[in-house]
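Student: here's a sequence, model it:
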Amino acid sequence: MIALDTTLTFRRGLTLKNRVVMAPMTTRMSFYDGVVTQDELKYYSLRTGEVGAVITAAANVQEGGKGWEGELSVSSDEFIPSLSRLASTIKRNGTKAILQLFHAGRMTDSKILRGVQPVSSSAIAAERPNAEIPRALTEDEIFGVIEDFKKATQRAIQAGFDGVEIHGANTYLIQQFFSPHSNRREDQWGGSLEKRFNFINQLVDAVIAVVDNSKVKDFIVGYRFSPEEYEEPGIKITDTFYLIDKLADKKLDYLHISLGDFKKVSASEDFKEKSILQYVHEKINGRVPLIGVGDIRTKQDAEETLTNAELVAVGRSLIIDPHWTSKVLEGKEDIIRRVLADQDREELVVENGILEFLKLMMPDRLR
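Tutor: Model prediction:
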């Protein structure tokens with residue numbers, strides 16, 4: 001069994017001091033324009049230093065990719081100074097800083113985009129209340145999005161981050177191209193499974209090329225994915241096997257699954273004997289490190305996750321107790337804070353936008 005306190009060295013040479021990663025979570029703390037705030041710096045400062053790496057909240061790569069208010073942006077050079085402050089804040093006591101790059105696609109609205117219609121792979125609305133019908137991206141615009149991911153990667157390098165994570169999960173634009181629900185195109189970007197993968201294929205290769213062509217050593221590239229969708233038609237576990245099989249053979253440093261529960265079982269009747277995490281780990285077969293995630297509360301949860309992954313991402317538990325990692329590693333689980341009480345919110349920088357988000361994500365752990 002992998003011990004939580006052991007190091008891990010990625011393909012490009014970056015070494016994490018332990019196997020615990022802070023999961024990327026929405027904070028809704030940035031300024032209206034995407035600049036990092038002091039509250040945001042304080043929030044991350046409280047939670048860094050003990051984990052091996054911190055993956056930031058999603059940062060949009062272009063204005064049209066903004067998903068919500070209070071979101072980070074890496075869409076132009078003007079954001080580099082504030083992102084540099086964020087990177088240096090996280091990189092304390094050996095913790096590595098990874099910037100998550102994304103485009104919301106159809107998972108936004110014209111109000112957030114200041115009157116601009118959302119875009120996606122096809123003009124198909126998401127299956128959620130009040131979802132707007134997006135405009136299908138033109139081919140030139142598709143290449144433009146890929147170019148913006150490249151530029152965002154270069155800015156992350158300039159800002160001093162240790163890596164980027166391509167956010168291909170949680171129904172956002174990259175996943176929208178892979179999904180048969182959101183992608184109804186009949187050109188090179190859609191139709192067959194192979195063509196629905198084309199956008200991911202070209203985007204990942206483009207980001208990797210930026211890193212390979214830079215003079216920076218030890219800068220890593222990861223990719224996050226969601227294994228299944230509830231929509232019909234939607235992404236099935238067999239589609240995900242195809243996806244990770246392709247990605248595992250690229251020069252990525254890690255893959256990061258998105259799960260609400262690390263024990264979650266597939267919706268497919270043919271894949272219920274094991275957890276999704278175990279099926280995915282077996283499919284990867286050691287070709288690239290996998291980050292497991294999903295309501296990790298205890299050391300036992302983390303160690304069980306590491307039987308089917310090389311790293312474990314902890315999210316909500318680190319919001320509630322920023323010192324979760326040291327308490328677990330030092331055998332002090334009995335003093336871990338398990339719920340977020342009203343009187344602790346100011347101290348933990350869990351107020352306003354992030355608090356509203358947490359009310360939806362973990363109501364059972366709020367008091």
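Student: for the rest of this, base every contact and every neighbour count on C-alpha atoms.
Tutor: Fine.
Student: residues in contact with residue 71?
Tutor: Residue 71 sits next to 26-32, 34, 57-60 when contact means Cα atoms under 8 Å, 6 or more residues apart in numbering.
Student: now with 10 Å?
Tutor: Contacts for residue 71 (Cα atoms under 10 Å, 6 or more residues apart in numbering) come out as 26-36, 57-60.
Student: so among the residues you listed, which ones count as buried?
Tutor: Taking 16 or more other Cα atoms under 10 Å as the criterion, what is buried in the contacts of residue 71 is 26-31, 34-36, 57-60.
Student: start and end of stretch 329-337, how far apart?
Tutor: Terminal residues of stretch 329-337 lie 15 Å apart, using Cα to Cα, to the nearest Å.
Student: buried ones in stretch 92-105?
Tutor: Neighbour counts over stretch 92-105 (16+ other Cα under 10 Å) mark 94-105 as buried.
Student: what does stretch 130-145 give?
Tutor: So stretch 130-145, judged by 16+ other Cα under 10 Å, has buried residues 132-137, 142, 145.
Student: tell me which of those is nearest to residue 198?
Tutor: residue 142 (11.0 Å; Cα to Cα).
Student: what sits against that closest one?
Tutor: Going by Cα under 10 Å, 6+ apart, residue 142 touches 120-121, 136, 148, 189, 199, 203.
Student: same thing with residue 3?
Tutor: So residue 3 contacts 18-19, 302-303, 306-307, 310, 329 (Cα under 10 Å, 6+ apart).
Student: flag whichever of the buried residues of stretch 92-105 scores worst on pLDDT.
Tutor: Lowest-confidence member of the buried residues of stretch 92-105: residue 94, scoring 95 (pLDDT).
Student: got the phi/psi numbers for it?
Tutor: phi 90, psi 0 (degrees, to the nearest 10).
Student: and the strands in the protein?
Tutor: In the chain, the strands defined using DSSP state E lie at 8-9, 15-16, 20-22, 53-60, 72-73, 96-102, 119-120, 135-136, 163-168, 220-225, 254-257, 290-293, 311-314.
Student: if we can go back for a sec, among the buried residues of stretch 130-145, which are in helices?
Tutor: Using DSSP state H, the members of those that fall within helices are 142, 145.
Student: on that earlier part again, save the buried residues of stretch 92-105 as a markdown table, and put in distance to residue 339 too.
Tutor: Shown next, in a markdown table, are these (distance: Cα to Cα, whole Å):
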| residue | distance to residue 339 |
| --- | --- |
| 94 | 28 |
| 95 | 25 |
| 96 | 27 |
| 97 | 27 |
| 98 | 27 |
| 99 | 28 |
| 100 | 27 |
| 101 | 30 |
| 102 | 30 |
| 103 | 32 |
| 104 | 31 |
| 105 | 34 |
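Student: farthest-apart pair in those, please.
Tutor: Spanning the widest gap among these are 94 and 105, at 34.6 Å by Cα to Cα.
Student: the protein: helices as residue ranges?
Tutor: Residue ranges of the helices in the chain, as given by DSSP H, are 38-47, 80-90, 139-159, 173-178, 193-196, 198-213, 237-248, 276-284, 299-305, 316-320, 324-329, 352-361.
Student: single out the most deeply packed of these.
Tutor: Mean neighbour count (mean count of other Cα atoms under 10 Å) peaks for helix 173-178 among the helices of the chain, with a mean of 27.
Student: what about residue 273, how many residues nearby?
Tutor: Residues within reach of residue 273, counting by other Cα atoms under 10 Å, total 11.
Student: now, among the buried ones among the contacts of residue 71, which is nearest to residue 319?
Tutor: Among these, residue 27 lies closest to residue 319 (Cα to Cα), at 10.4 Å.
Student: excluding its backbone neighbours, what's nearest the closest one?
Tutor: Excluding the flanking residues, the one nearest residue 27 by Cα to Cα, 6 or more residues apart in numbering is residue 354, at 4.8 Å.
Student: ok now do residue 42, which residues does it touch?
Tutor: Going by Cα under 10 Å, 6+ apart, residue 42 touches 86, 89-90, 347-349.
Student: and the residue nearest to residue 136 when sequence neighbours are not counted, how far from residue 60?
Tutor: Take residue 136 and drop its neighbours on the chain: the residue closest to it by Cα to Cα, 6+ apart is residue 122, 4.3 Å away. Remark: distance between residue 122 and residue 60 (Cα to Cα) = 20 Å.
Student: what does residue 53 give?
Tutor: For residue 53 relative to residue 60 (Cα to Cα), the value is 20 Å.
Student: coming back round to it: make CSV out of the contacts of residue 142 and add pLDDT.
Tutor: As requested, the contacts of residue 142 are exported to CSV (pLDDT from 0 to 100):
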residue, pLDDT
120, 99
121, 99
136, 99
148, 99
189, 99
199, 99
203, 99
